[in-house]
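>>> Structure for the following, please:
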Amino acid sequence: MLIAAFVFHVTLAEVVWAQEGRYRVGPRDRLQVRVDELPSLDSEQEVADDGTITLEVIGSLQAQGLSERELAQRIRDRLLEEGLRKATVTVSVSEYRSRPVAIMGAVEDPGNHNVPGRSTLLEVLLGAGGLSAEHGSTVQVRRRADNGLTDQVSISVRDLVELGDPAVNIPIYAGDLINVPPVRDVVINILGAVSSVGSHTFKGTQRVTLLTAIARAGGLSEEASNKIRIKRQDENGEWSEVVVDWKRLLAGKIPDPPLQDGDLVVVKESFF
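Next up, the predicted model:
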């Protein structure tokens, strides 16, 4: 199966995923049925395991595999066959149970969750107990379209939770996969003329720079060279190196370079 992933970083832009008319009713889904001309037929239905629902007047009919609109039309046709002169029927899914939403990662209660028919991302996350303390900076929502392609959107936790931006609080539908990647610790290895040689671990939410790393290592020794080397390995295993002038950095004349997980900082001894 061909799968294409489209990743968007959402800030203030509105996200629209048109789902109405695409969801197909399945067993154990809960439906709200309303007939304007015959209120006695208004009811909440749970789709049976064989995919049927049962209504007064018309009896049992197949609901599985139909959209809300198609099922409403089928009920209307049956009512007209039974002699009703006019029938205005609406059907809506009040709870998705045949295709639960899968929630994984840094939430308090990961797993499959049945969600109401009209739910937002924040409501679904709260239904899973909320974010755990290990959550990272983004929430990823993945949705498979009818054509087999998969769309993915990456949403800022700060925009969603702290700022409460309604533009990123997108609707969630049956079968969606929500992933809250946990924050990863950042490990910086520091060798040479520092007080504390070795690996130093920082929280993934921290901004780690050369100054903060050297401070964590207890500072430079008196024998330290003014030239500090930052070595970094890429995905192909190739190493690159950046040389930083320590005195110019302390004087604020050059930017404090950010460090990444796995970086190696080498402080050689000065010969002068």
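
>>> Next, count neighbours for Leu122.
By other C-beta atoms under 10 Å, the residues close to Leu122 number 18. The way it works is simple: take the backbone N, C-alpha and C, and place the C-beta from them, glycine included.

>>> okay but it is in contact with Val161, surely?
Yes - the pair Leu122 and Val161 passes the contact test of C-beta atoms under 8 Å, sitting 7.4 Å apart.

>>> how close does the closest residue to Leu259 other than its chain neighbours sit to Val186?
In space, and not counting its chain neighbours, Leu259 is closest to Val208: 4.7 Å by C-beta to C-beta, 6 or more residues apart in numbering. Val208 sits 5 Å away from Val186, going by C-beta to C-beta, to the nearest Å.

>>> Which residues are in contact with each of these two?
Counting by C-beta atoms under 8 Å, 6 or more residues apart in numbering, the common neighbours of Val208 and Val186 are Phe202, Leu259, Gln260.

>>> got a list of what the closest residue to the last one other than its chain neighbours touches?
In space, not counting the residues next to it along the chain, Gln260 is nearest to Arg232; the distance is 6.5 Å by C-beta to C-beta, 6+ apart. Neighbouring residues of Arg232 by C-beta under 8 Å, 6+ apart: Trp239, Ser240, Glu241, Val242, Gln260, Gly262, Asp263, Leu264.

>>> Where does Arg232 fall, secondary structure wise?
strand 224-233 (DSSP states H and E).

>>> just to revisit the earlier point, return the member of the shared contacts of Val208 and Val186 nearest to Ala87.
Distance to Ala87, by C-beta to C-beta, is smallest for Gln260 among the shared contacts of Val208 and Val186, at 63.6 Å.

>>> wait, isn't the closest one in contact with Val186?
Yes - counting by C-beta under 8 Å, Gln260 touches Val186, with 7.2 Å between them.

>>> who touches both of the two?
Val208.

>>> Show me which of the two is the more surrounded one.
A count of neighbours by other C-beta under 10 Å puts Val186 above the other of Gln260 and Val186, at 20 against 12.

>>> Quick check: that one vs Lys86, distance?
Taking C-beta to C-beta, one finds Val186 at 67 Å from Lys86.

>>> Then Leu259?
Counting by C-beta to C-beta, the gap from Leu259 to Lys86 is 71 Å.
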